[in-house]
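Enquirer: Quick one, fold the following:
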Amino acid sequence: MIRSKFAIHVHILSLMGKFQGEWLTSDFIAGSLNSNAALVRKELSELRNAGLIESKEGKKGGCRLARPMKDILLSDVFAVVKDDHIFGYAPNHPNPLCPVGRNINNALDTMFTGLDQTITRELSKISLADFISKLL
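Expert: As a prediction, the model looks like this:
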């Protein structure tokens, strides 16, 4: 889920960067994503709550970037979509009587934390402006 949400959020922000300063409607954004406007509004709400976009209601309403593109880092987007670790645990609880089962989640947690930190560090090197310059 995190992979698709990250891609969706970067797509939305990139679209807003392309049409910088314009108020984009959820219908317009949904058209670019080839998605449903109701689903887009949920994603817009998350981006707004994170302070990455702003919105206004009404006939001439919509959403736009809340900050300059150079000040939005892809690590900011990652922080919005990341609930827990980028990788998840097995759906079943391991057997605590097994020497592997008893320790597997602690070992995975240590590894996952390091991976999350590496991803965040790498994404913090890329601004939305940098990203958009590669696709437009």
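Enquirer: continuing past the lengthiest helix in the chain, what's the next helix or strand?
Expert: Secondary structure of the chain read by DSSP state H shows that its longest helix is helix 99-123. Using DSSP states H and E, the next helix or strand after helix 99-123 towards the C-terminus is helix 128-135.
Enquirer: and the angle for the longest helix of the chain with helix 128-135?
Expert: Counting by axes from the mean of the first three to the mean of the last three C-alpha atoms, to 10 degrees, helix 99-123 points 80 degrees away from the direction of helix 128-135.
Enquirer: Tell me where this structure is predicted with low confidence.
Expert: Flagging of the chain using pLDDT under 70 yields the residue ranges 1-3, 136.
Enquirer: all helices of it, in order?
Expert: 2-18, 26-33, 37-49, 74-81, 99-123, 128-135.
Enquirer: Tabulate the ones you listed (TSV), appending distance to Ser55 and mean neighbour count.
Expert: Yep, even glycine has a C-beta here, placed from its N, CA and C like the rest. Listed next are those as TSV, based on distance: least, C-beta to C-beta, whole Å; neighbours: other C-beta atoms under 10 Å:
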stretch	distance to Ser55	mean neighbour count
helix 2-18	11	18
helix 26-33	9	17
helix 37-49	6	16
helix 74-81	15	20
helix 99-123	24	13
helix 128-135	17	14
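Enquirer: Please identify which of the ones you listed is closest to Gly62.
Expert: Closest to Gly62 of the helices of the chain, according to C-beta to C-beta: helix 26-33, at 7.5 Å.
Enquirer: So what touches the closest one?
Expert: Residues outside helix 26-33 that contact it (C-beta atoms under 8 Å, 6 or more residues apart in numbering): 8, 11-12, 15, 36-41, 44, 62-63.
Enquirer: coming back round to it: how far does the longest helix of the chain sit from its chain's centre?
Expert: Here the centre of mass of C-alpha atoms in helix 99-123, compared against the chain's by C-alpha atoms, centre = their mean, to the nearest Å, lies 20 Å away.
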